[in-house]
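A.B. asks: Provide a 3D model corresponding to the input given below.
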Amino acid sequence: MTLTTKSSRVSLYLLAILSATSFYLFEFFPDSSSEYLIAQKEHTEAKKKRTIALNNVKEFAKGTEVYQQYLIEKEKTDKAWQTLLKAKSEQQVFGFKDLRQFMSEFGIMLGLFIYALVNLFRSFYFEPENAGMKLFHGLIISVTMFYFFWMFGYYDYSSMTYYLMTFFSAGVVVLAVYLITKYQDHYINRLKYQVSRLAAFSFLHTKQEKKSEMLNLFRELSE
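C.D. replies: Predicted structure coming up:
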């Protein structure tokens, strides 16, 4: 094995590892930076102090015309807030804030799933001994299955549970494709065998002067 061939294989393996891990890299990063958490904590504490001061002002203003006007506007605001929450809830789709956001996530994963499934079928038909292509497209299917579980799941399972479900589902899909293509290959081979027997029978019972014409016909059909 030459140095160039080894380098090519190493590059291919590194690319495969990068492709496999890139979809799950987000799991290794924190939800928020330490600076954000500190700022959030300070804001929460300041908000509590502001609420205490505001309650003191309300208590002091009780019985005044200004306070009565505040209560009227507060009631209107509360009703508007409830209307907004209801509208927001009605436009949600599977936990996403609206259909546009859902389709932006679902469309990408569906496209990847179709791409991987089609190429998995093609690899079984045209490259039956290329295990790398099957593994690569099986990996893409497992990633899309992961996101499908996440999109349509009603429960927030642990990451390990999601991983197990997705790899299991991808394995089932790959096995199903293998069995389908194997059955179709078997059916096609049987059909070819029957056609070849029919052709041989027809050739044997064809008149001598017509045999060359029959051979030309067989050649055209086999192309």
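A.B. asks: How is the chain divided into domains?
C.D. replies: With domains defined by automatic domain parsing, the chain comprises 30-90, 184-222.
A.B. asks: Quickly, which of those domains bottoms out on average pLDDT?
C.D. replies: Among those, domain 184-222 carries the lowest mean pLDDT, at a mean of 58.
A.B. asks: what about F146, how many neighbours?
C.D. replies: Neighbourhood size, F146 [other Cβ atoms under 10 Å]: 21. C-beta: built from backbone N, CA, C; applies to glycine.
A.B. asks: quick check, it in a strand?
C.D. replies: No: assignment of F146 by DSSP: H, G, I helix; E, B strand; the rest coil gives helix, placing it outside any strand.
A.B. asks: Burial check on the nearest residue to Y147 once chain neighbours are set aside, number of neighbours?
C.D. replies: Leaving aside its sequence neighbours, Y147 sits nearest to M109 (Cβ to Cβ, 6 or more residues apart in numbering; 4.6 Å). By the criterion of other Cβ under 10 Å, M109 has 18 neighbours.
A.B. asks: wait, isn't M109 in contact with F148?
C.D. replies: Yes: with contact defined as Cβ atoms under 8 Å, M109 reaches F148; the gap is 6.5 Å.
A.B. asks: Mind jotting down where the helices sit in this protein?
C.D. replies: Counting by DSSP state H, the chain has these helices, from start to end: 3-22, 34-61, 65-90, 99-126, 131-152, 159-204, 211-222.
A.B. asks: List the buried residues for the fourth one?
C.D. replies: Along helix 99-126, the positions that meet the burial threshold by neighbour count (16 or more other Cβ atoms under 10 Å) are 102, 106, 109, 112-113, 116-117, 119-121, 123-124.
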